[in-house]
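> Predicted model follows, preceded by the sequence.
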Amino acid sequence: MKHVVILGAGFGGLELASRLSDSVADEVRVTLIDQNDGFTFGFSKLDILFGRASADAVRIPYRELAKPGVEFRQERITAIDPAARHVTTDGGEYDADILVVALGAEYDIDATPGFAEGGFEYYSIAGAERMRDEALPAFSGGTILLGVLGQPYKCPPAPFEGAYLLHDQLVERGLREATEMRVVAPMSAPVPVTPEVSQRFLDELEARGIEYLAQKQVVELDVAAKGAVLESGERLRYDLFVGIPIHRVPAVVKESGLAENGWVGVDRDTLLTPFPDVYAVGDCVALPMAKAGVFAENAAGVAADGIIARLRGEELGRRYEGEGNCYLEFGGGRVAKVEANFLGGPSPTATVVGPSEALAADKAAFAPSRRARWFGDASPS
Ligand SMILES: Cc1cc2nc3c(=O)[nH]c(=O)nc-3n(C[C@H](O)[C@H](O)[C@H](O)COP(=O)(O)OP(=O)(O)OC[C@H]3O[C@@H](n4cnc5c(N)ncnc54)[C@H](O)[C@@H]3O)c2cc1C
């Protein structure tokens with residue numbers, strides 16, 4: 001029986017394990033490894049930030065995982081040898097017939113001097129909790145500067161969703177009139193997949209009186225002076241600085257030699273790395289497209305089909321197109337979605353649909369549907 005070892009039980013790893021379990025549980029043995037004890041959806045961080053849910057309430061413990069043929073190990077991966085398909089963790093050693101790297105992206109907070117001491121972020125659970133408990137209650141008006149500190153970053157709409165929801169909270173607290181809100185980012189337009197999508201985000205910012213400062217890179221925070229220093233030398237004053245941290249592959253991926261150009265190189269059709277029988281999916285890969293859970297999930301589906309085809313001595317009958325539908329929160333319960341396809345044609349396509357009540361209902365059903373599919377029968381409904 002072939003041994004498939006999946007590194008990382010996030011969007012990509014969970015989807016892949018579940019796809020293999022559902023279709024070839026009697027032909028492969030799957031080991032799924034993650035350092036955490038549970039999975040949390042990226043968008044749940046906004047729920048934590050705005051006090052709509054606690055971190056415990058949105059974490060799905062991996063002990064609930066009950067998929068035939070899949071064994072979960074809570075261990076930290078310390079070395080990957082892609083040529084030998086050998087993996088070392090703090091709990092053991094694994095040899096894979098097929099290895100899948102789905103280790104996501106991590107944050108390099110220290111790459112922006114002053115950010116750790118003088119800024120806040122909501123891209124991690126701990127960061128969202130700290131901003132909820134310290135920064136937001138203490139804020140009583142002034143300038144909020146939300147800075148995208150580097151590209152690529154996860155979920156291109158998430159900085160803007162954060163801004164819309166922050167606006168709502170300030171309105172509720174009677175502080176919006178006393179607050180100037182600005183978003184500063186290196187991108188020429190908010191979500192530059194297509195001009196139409198970006199315009200939609202600009203319109204929503206404008207409707208709330210939030211300024212967008214394009215093509216400006218914050219490189220440092222002068223914490224004492226409360227100033228964000230731009231690459232040009234210009235400074236932007238703030239009372240509260242919220243940053244989207246610089247992203248990078250986890251250190252173990254960098255040390256493996258898989259990410260020579262910063263991210264893991266893969267064949268864009270099959271998601272195979274240059275190493276035989278080693279795949280990579282999700283945020284850790286170097287493809288010219290957005291990083292988001294829905295794309296990681298889709299990539300895992302293609303990798304699963306590739307693995308199944310290989311088991312049967314067949315060719316993979318389709319190719320990865322970098323497609324997915326991302327829900328967008330415009331605040332006030334308004335939910336829209338972007339339908340995107342990055343790699344299927346000569347240039348990316350993307351359309352904003354909604355907002356509508358039907359999409360709000362679809363979004364509400366997204367997490368429960370993944371929980372049921374990924375965790376199986378033992379997970380509570
Ligand atoms: C605020 C916010 C909102 C978002 N909203 C959306 C949204 O609405 N829709 C959407 O599609 N996406 C959204 N995302 C993005 C989404 O969360 C990620 O793109 C997605 O999780 C990527 O999936 P992945 O499988 O590549 O990586 P991840 O889900 O990050 O999984 C990687 C896993 O690898 C593990 N790992 C890393 N290093 C090690 C190691 N050394 N040893 C063991 N385990 C390790 C991690 O613990 C993690 O569980 C959002 C993200 C944020 C931050």
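That came through fine. None of these values were measured; they are calculated from a predicted model.
> Now do the same contact list for the residue in the stretch 51-200 of the chain positioned nearest to the ligand.
As assessed by CB to the nearest ligand atom, the ligand sits closest to residue 104 within the stretch 51-200 of the chain, at 2.7 Å. Bear in mind the C-beta positions are built from the backbone N, C-alpha and C, glycine included. Shown in contact with residue 104 (CB atoms under 8 Å, 6 or more residues apart in numbering): 8, 10, 12, 250, 282-284, 296.
> cool, and residue 21?
Residue 21 sits in contact with 30, 67-70, 376, where contact means CB under 8 Å, 6+ apart.
> Then residue 237?
Contacts of residue 237 (CB under 8 Å, 6+ apart): 143, 145, 226-228.
> Write the PyMOL selection for whichever of these are buried.
Selecting only the buried entries of these in PyMOL, with 16 or more other CB atoms under 10 Å as the criterion:
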select buried, resi 145+226+227+228
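> Pick the one among the contacts of residue 237 closest to residue 212.
Set against residue 212, the nearest of those by CB to CB is residue 145 (11.9 Å).
> Mind pulling the model confidence for the closest one?
Listed pLDDT for residue 145 reads 98.
> What strand or helix carries it?
Using DSSP states H and E, residue 145 falls within strand 142-148.
> Check what contacts that strand and list those residues.
Residues contacting strand 142-148 (CB under 8 Å, 6+ apart): 119, 159, 162-163, 166, 178-187, 218, 228, 236-244.
> mind listing which of these are in helices?
Counted as lying in helices by DSSP state H, out of the contacts of strand 142-148, are 159, 162-163, 166.
> Mean pLDDT per helix and strand in the protein: which one sits at the bottom?
Least confident helix or strand, the chain: strand 323-331 with a mean of 92, by mean pLDDT, DSSP states H and E.
> The helix or strand just after that one vs strand 323-331, what angle?
Using DSSP H and E, the helix or strand that follows strand 323-331 in sequence is strand 334-341. Orientation of strand 334-341 against strand 323-331 (axes from the mean of the first three to the mean of the last three CA atoms, to 10 degrees) gives an angle of 160 degrees.
> which strands and helices sit next to strand 334-341?
Other elements packing on strand 334-341 under the criterion 3 or more CB pairs under 8 Å, 6 or more residues apart in numbering; DSSP states H and E are strand 323-331, strand 349-353, helix 357-375.
> Residues of the stretch 201-350 of the chain that sit close to the ligand?
For the stretch 201-350 of the chain, the residues in contact with the ligand (CB under 6 Å from any ligand atom) are 250, 252, 282-283, 291-294, 296, 326-327.
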